[in-house]
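Visitor: just to be clear, the model below is a prediction. Sequence and coordinates:
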Amino acid sequence: MTYPPNSDESHITVPHESPVEEDDHASEQMPVKVCPRCSVQSQTTGNFCPQCAAPYSGPQPRRKISKRIVVGVVAALVVAGSATGLALKVSHDNQVTTQRVAAADAAQAKADADAAAAVAKKAADDQTRVERKAQVSELEAAILKDAKERVKSQTLTGPILSASCTPLGGGSADDLTALTGTFECIAVNKTNADGTASGYRFSATINWNKDYTWHLGS
């Protein structure tokens, strides 16, 4: 550098440049941006990350989902689905079991009711047979009395020893389907040596629900 003549070099003022201070001031003016892809913070006025060149604005690239996370989610869904399916199966099995138990109980109750009804019907039928046999005995007693009165009036020859009635063609005291019974009765006045008996025949009809009638046979 050339200095003017007779000048003192030490008094020459040279402008001092502070590039560092200017850079610091410029840095303070630049905004800090965070890259949406790599998350690196940079002071820049540009629109792209100086680290990975990703744009700071606009559509963001899709982040890759960890395969491990996807597998975990899928596994959780599978487990949840299996648990739900198992719960539904258990519920269905319990419902089927309940229905089977209810059906078995109903069948057993019906069987018990049928058995009780059968016992009650047998008891009623036995009582009816007893009552019908009692009617036959009453008929025999009535015929015996009638025959003895006829002996007194000399219509029949005595003595009258007994009277018995035999059902004809069904309608006996044991046949509960019959409403009436027809009988052949005999008023015995003689016992034979061979064990047979002789006497007077009567025809009789019993109305099981009401009364009985008879008449002397020819």
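Guide: Great, that's in hand.
Visitor: for the biggest helix by length in the chain, which helices and strands make contact with it?
Guide: Longest helix of the chain, by residue count under DSSP state H: helix 67-152. Other elements packing on helix 67-152 under the criterion 3 or more CB pairs under 8 Å, 6 or more residues apart in numbering; DSSP states H and E are strand 162-167, strand 180-191, strand 197-207, strand 212-216. From N, CA and C alone the C-beta is placed, and that goes for glycine too.
Visitor: what strands line up against the shortest one, and which way round?
Guide: When you say that, I think you mean strand 212-216. strand 197-207 (antiparallel) (DSSP bridges).
Visitor: who's in contact with the strand it pairs with?
Guide: With contact meaning CB atoms under 8 Å, 6 or more residues apart in numbering, strand 197-207 is reached by 132, 135-136, 139, 143, 146-147, 150, 156, 160-163, 165, 179-192, 212-217.
Visitor: how about the CA coordinates for that strand, as PDB?
Guide: Taking Å, rounded to 0.1, in the frame of the first residue of the first chain, the C-alpha atoms of strand 197-207 are listed here in PDB:
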ATOM      1  CA  ALA A 197    -127.800-127.600  40.800                       C
ATOM      2  CA  SER A 198    -131.300-127.200  39.500                       C
ATOM      3  CA  GLY A 199    -133.700-124.400  39.900                       C
ATOM      4  CA  TYR A 200    -135.600-121.600  38.200                       C
ATOM      5  CA  ARG A 201    -134.000-119.400  35.500                       C
ATOM      6  CA  PHE A 202    -134.200-115.600  35.500                       C
ATOM      7  CA  SER A 203    -133.100-113.200  32.800                       C
ATOM      8  CA  ALA A 204    -131.500-109.900  34.100                       C
ATOM      9  CA  THR A 205    -130.100-106.700  32.700                       C
ATOM     10  CA  ILE A 206    -127.900-104.300  34.600                       C
ATOM     11  CA  ASN A 207    -127.500-100.600  33.700                       C
END
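Visitor: report the distance from that strand to the chain centre.
Guide: 64 Å (CA atoms, centre = their mean, to the nearest Å).
Visitor: what does stretch 119-137 give?
Guide: Centroid separation for stretch 119-137 versus its chain: 43 Å, with CA atoms, centre = their mean.
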